[in-house]
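Enquirer: Here is the input, now give the coordinates:
(chains A, B, C and D)
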There are 2 protein chains.
Amino acid sequence: MPLDTVFAALGDPTRRAILAMLLEDDMAVTDVADPFEMSLAAISKHLGVLTAAGLISQEKRGRVKWCKLEPDAMREASIWMQSFGQFEAVNLDDFERFLAAELQDDAPELSKG
Amino acid sequence: MPLDTVFAALGDPTRRAILAMLLEDDMAVTDVADPFEMSLAAISKHLGVLTAAGLISQEKRGRVKWCKLEPDAMREASIWMQSFGQFEAVNLDDFERFLAAELQDDAPELSKG
DNA sequence: CGAAACGTCAACCAAATGGTTGAATAACGG
DNA sequence: CCGTTATTCAACCATTTGGTTGACGTTTCG
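Expert: Below you'll find the predicted structure:
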């Protein structure tokens, strides 16, 4: 069941941090591991979990294995959550304002004040 | 970290099934357990996990403990996910700050529009 | 009162998870 | 070729997870 693996994968803060990093750019395994205070092997395992969940893909070029975010994998899970529609547009006003500010210029200091 | 517990809770199919049941109506623990082929104690544990994650609440009236869906708990997780699927352009740091601010003032009116 | 229903607790178990280390494999680069 | 870099594999370990059973406290009801 993809929902099982996707949600389980997202349940770990290290893996969410990895996804956040990959949001900015594709990365090699070693570079993904760099900011973390754990072994490369541990990160390699986390990447395996993310890959199994379909949240990222890995492609080997030469001796470097590139990790790439696969945002589509979250779609099903996201849709499942939204089916609990009761929780109503998560403050969509605030969210849209956030997005507008975000997409408008490069680095808005929105949390300021 | 709420995201940890929410995602981890959602990673189990039994617990997702329970949430789906509670979508229809509040239920007593025994009735929640009924359709499952596992012990009442096991379901009780699952309900504990869901409660710890804030995804449901439990209120005891008489000898019956009623379980109620708390859809708000999914908001943060849902927003987090949507940032990947649809809004790759957002700055994740800003986004985390937005989330923090958003959740700080206690579930701003989400009642339907 | 005494029995049954509701639910949790405690002890236990197997399997999965998240981490470690050290050796192994593969590809570059001098 | 040989050393170095990139990554995984294998074995191991501690902890958590998801389940079981049986005993236990409450509340309801005949």
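Enquirer: okay, now A:Pro71: neighbour count?
Expert: A:Pro71 has 20 neighbours, counted by other C-beta atoms under 10 Å in any protein chain shown. C-betas here are computed from N, CA, C, even on glycine.
Enquirer: go on, A:Pro35?
Expert: A:Pro35, neighbours per other C-beta under 10 Å, totals 10.
Enquirer: Over to the one 10 residues further on?
Expert: In terms of burial, A:Lys45 registers 13 neighbours under the definition other C-beta under 10 Å.
Enquirer: Checking it next. Helix, strand or coil?
Expert: Here A:Lys45 is recorded as helix under DSSP: H, G, I helix; E, B strand; the rest coil.
Enquirer: residues touching it, list them.
Expert: With contact set as C-beta atoms under 8 Å, 6 or more residues apart in numbering or on different chains, A:Lys45 has no partners.
Enquirer: and what of A:Met27?
Expert: Here A:Met27 is in contact with A:21, A:66-67 (C-beta under 8 Å, 6+ apart).
Enquirer: Same check on A:Ile18?
Expert: By C-beta under 8 Å, 6+ apart, the contact list for A:Ile18 reads A:32, A:43, A:46-47, A:50, A:56, A:67.
Enquirer: Sort out which one of the contacts of A:Met27 lies nearest chain B for me.
Expert: Comparing the contacts of A:Met27 against chain B with C-beta to the nearest C-beta places A:Met21 closest, at 8.9 Å.
Enquirer: Could you check the pLDDT of the closest one?
Expert: With respect to pLDDT, A:Met21 has a value of 96.
Enquirer: Ok, A:Glu88 next?
Expert: Listed pLDDT for A:Glu88 reads 50.
Enquirer: where are the low-confidence patches of chain A?
Expert: A:1, A:85-113 (pLDDT under 70).
Enquirer: wait, is A:Glu59 part of a strand?
Expert: Yes: the assignment for A:Glu59 (three-state DSSP) places it in a strand.
Enquirer: Identify the residues contacting it.
Expert: A:65-66, A:68.
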